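Novice: how would this look folded up:
(2 chains)
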Amino acid sequence: MDYVFQFGILKEYAPYLAGGLGYTCMVGFGSIFFSIVLGLFFATLQISNNKILKIIALIYVDIFRTVPLVCLLIWIHYVMPILFNVGGSPTQSSIIALSLNGGALACEAFRGGLEAIPLTQNQASLSLGFSRIQTILFVIIPQAVYSVLPPLTNVFITNLKNVTITMIVSVPEVMFRAQELTVQFFRPLELYTGAAIIYILLIGSFSYAMRRVEKLRKWESI
Amino acid sequence: MANESFIKARNLVKKYGSTTILEDISFDINRSEVLVLCGPSGCGKSTLLRCLNGLETIQGGQIWIDNVELRGASQKELRALRQRVGMVFQMFNLFPHMTTLKNIIIAPMKLLNKTKQQATEDAMRLLEIVGIPEKVDEYPCALSGGQRQRVAIARALAMKPDLMLFDEPTSALDPEMKEEVLNVIERLRTEEKMTMVLVTHEINFVKNVADRVMMIEDREIVEESSAKTFFENPKEERTKIFLKAITDL
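Specialist: Okay, the predicted model is just below:
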């Protein structure tokens, strides 16, 4: 192997790479937020008693968790403007694409969490005189929040990592900048490793924070 | 209608799909009376119990509780009724994410609009009655089975019910814990004059507390008599077989 690593380039350009973190966070956490909203909405439809609503939720989940994210992003960013004359900035398109994808994954996580609450909890709550809505608010959701956290953390991490895909529509986040610099300096190994380290630090601290949140739970299920 | 019975069931029919669970069940329960339902497992006694607070809908006949008709009642009416009918379950069904105190005060606070202070005072009094005031700040996971069941009883009592339903309250408990729970139920009878319907197989306990015993098998009431007659002088052959089976255990 006669490749000579020159990590020195990172010294000079690390600030520029890390400067992409703003976009990474905007697209990443923005799409996490909308994934939660979409996921909760469609999970509620899935556990409702209405067949049509259930089918709508199923179709949503199956479409957006099966379409490759690259295609989804290209459709939203390049095809939608042509077909329907609607479109937004690369950042906006990316948030939409990642949210649709993350929402489908989050929906499944929420459904699993809600279904994990035993039916007997429902019975106990109803027998006290609570309505169905009160039961969901006071009994089901406070328990489901915690059972849903581990799978939901996976979804959020997927969202954050998927931000790297947005370089195909030129969102100037970390990975896009690594590619940009590579074209200029022909140092792909060093630059992409640098980008990876930034992503690892970001996602690492994010999952650490989520674990701390999980630990806030003072009770155990019985 | 002071001398109307507190619970009146007439020709009650319960089906799941095309399977009939209960057929043509009629009975009366007076205020402060303790009725025990017994019968082989799967005979529908627990289902009958759940029919009495509208957790199960009935397909025929009618049930009146304190002159409220259950069949055809709106969801709102059913909720109002359930606030006055306490239920205790075999597996306790405490809310695991709430402390003992919160388990007991949440319903009075949200449904009876009690202040936290009022509800807490009531809860402490109830915890004294069930004998575990020191567990007030524990989560259910830190309680033994017997303690959980006593919290569940306190939770139901916090709504000041006129009627308590017990669905095999001791069958998931160890013998010494059964005693704790049974003592509480006995106190409810002697001190509070609570109207109660119990599904239980604790024969000695039934002999002590039950005013009447109703045996259900094959969808129908086999025998209904005073506790004394039921155990000492059963009329029906099926009752004799059942009594022999459970005393042989």
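Novice: CA only for contacts and neighbour counts going forward, please
Specialist: Fine.
Novice: Would you map the helices across chain B?
Specialist: Applying DSSP state H to chain B gives helices spanning B:45-51, B:75-83, B:100-111, B:116-130, B:145-157, B:175-192, B:203-209, B:227-232, B:237-247.
Novice: how much space between residue A:119 and residue B:163?
Specialist: Per CA to CA, to the nearest Å, residue A:119 is found 23 Å from residue B:163.
Novice: do residue B:26 as well
Specialist: 18 Å.
Novice: Which one's more surrounded, the two?
Specialist: Using other CA atoms under 10 Å in any protein chain shown as the criterion, residue B:26 and residue B:163 rank with residue B:163 on top: 27 against 16.
Novice: I'd say the more buried one and residue B:195 touch.
Specialist: Yes: contact criterion CA atoms under 8 Å: residue B:163 and residue B:195 qualify, at 4.9 Å.
Novice: quick one on the thing from earlier: please tabulate the helices of chain B in a markdown table and include distance to chain A, mean pLDDT and mean neighbour count as additional columns.
Specialist: A markdown table is the format used below for the helices of chain B (distance: least, CA to the nearest CA, whole Å; pLDDT from 0 to 100; neighbours: other CA atoms under 10 Å in any protein chain shown):
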| stretch | distance to chain A | mean pLDDT | mean neighbour count |
| --- | --- | --- | --- |
| helix B:45-51 | 9 | 93 | 21 |
| helix B:75-83 | 5 | 93 | 19 |
| helix B:100-111 | 7 | 97 | 23 |
| helix B:116-130 | 15 | 95 | 18 |
| helix B:145-157 | 7 | 95 | 26 |
| helix B:175-192 | 18 | 91 | 16 |
| helix B:203-209 | 24 | 88 | 15 |
| helix B:227-232 | 28 | 89 | 16 |
| helix B:237-247 | 28 | 86 | 14 |
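Novice: Please dump those into TSV; it should also carry distance to residue A:90 for every row.
Specialist: What follows is the helices of chain B, written out as TSV (distance: least, CA to CA, whole Å):
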stretch	distance to residue A:90
helix B:45-51	57
helix B:75-83	50
helix B:100-111	48
helix B:116-130	52
helix B:145-157	55
helix B:175-192	65
helix B:203-209	74
helix B:227-232	79
helix B:237-247	74
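Novice: so who does the residue nearest the centre of chain B touch?
Specialist: Per CA atoms, centre = their mean, the C-alpha nearest to the average position across chain B is that of residue B:165, at 1.5 Å. In this structure, residue B:165 makes contact with B:49, B:85-88, B:196-198, judged by CA atoms under 8 Å, 6 or more residues apart in numbering or on different chains.
Novice: now swap in residue B:70 and tell me
Specialist: B:54, B:62-64, B:78.
Novice: Quick check: the two most widely separated of the residues you listed?
Specialist: Based on CA to CA, the longest span within the contacts of residue B:70 runs between B:62 and B:78 and measures 14.0 Å.
Novice: does the nearest residue to residue A:61 once chain neighbours are set aside count as helix, strand or coil?
Specialist: Counting by CA to CA, 6 or more residues apart in numbering or on different chains, residue A:61 lies nearest to residue A:104, which is 4.5 Å off, once chain neighbours are set aside. For residue A:104, the assignment made with DSSP: H, G, I helix; E, B strand; the rest coil gives helix.
Novice: Tell me the confidence at residue A:104?
Specialist: pLDDT, residue A:104: 96.
Novice: Quick check: it touching residue A:59?
Specialist: No: the criterion here is CA under 8 Å, and residue A:104 misses it with residue A:59 at 9.8 Å.
Novice: between the two, who's got more neighbours?
Specialist: Set side by side, residue A:104 and residue A:59 show more neighbours around residue A:104, with 29 against 12, by other CA under 10 Å.
Novice: any idea how far that one is from residue A:111?
Specialist: Counting by CA to CA - residue A:104 and residue A:111 are separated by 11 Å.
Novice: just to revisit the earlier point, which of the contacts of residue B:165 fall within strands?
Specialist: Residues of these located in strands (DSSP state E): B:85-88, B:196-198.
Novice: ok, residue B:143 to residue B:16 distance?
Specialist: For residue B:143, the distance to residue B:16 - CA to CA - is 36 Å.
Novice: And for residue B:238?
Specialist: The spacing between residue B:238 and residue B:16, counted by CA to CA, is 25 Å.
Novice: Nearest the middle, which residue of chain A would you pick?
Specialist: Closest-to-mean residue, chain A, CA atoms, centre = their mean: residue A:159 / 2.9 Å.
Novice: before we move on, what SS does it have?
Specialist: Counting by three-state DSSP, the backbone at residue A:159 sits in helix.
Novice: I figured residue A:157 hits residue A:202, correct?
Specialist: No: using CA under 8 Å as the test, residue A:157 is too far from residue A:202 to be in contact (9.9 Å).
Novice: Pick out the residue of chain A closest to chain B.
Specialist: Residue of chain A nearest chain B, by CA to the nearest CA: residue A:129 (4.6 Å).
Novice: so how far is residue A:24 from that residue?
Specialist: Residue A:129 sits 48 Å away from residue A:24, going by CA to CA.
Novice: try residue A:40
Specialist: Applying CA to CA to residue A:40 and residue A:24 gives a distance of 24 Å.
Novice: neighbour-wise, which of those two wins?
Specialist: The residue with more neighbours, out of residue A:40 and residue A:24, is residue A:24; 26 against 20, by other CA under 10 Å.
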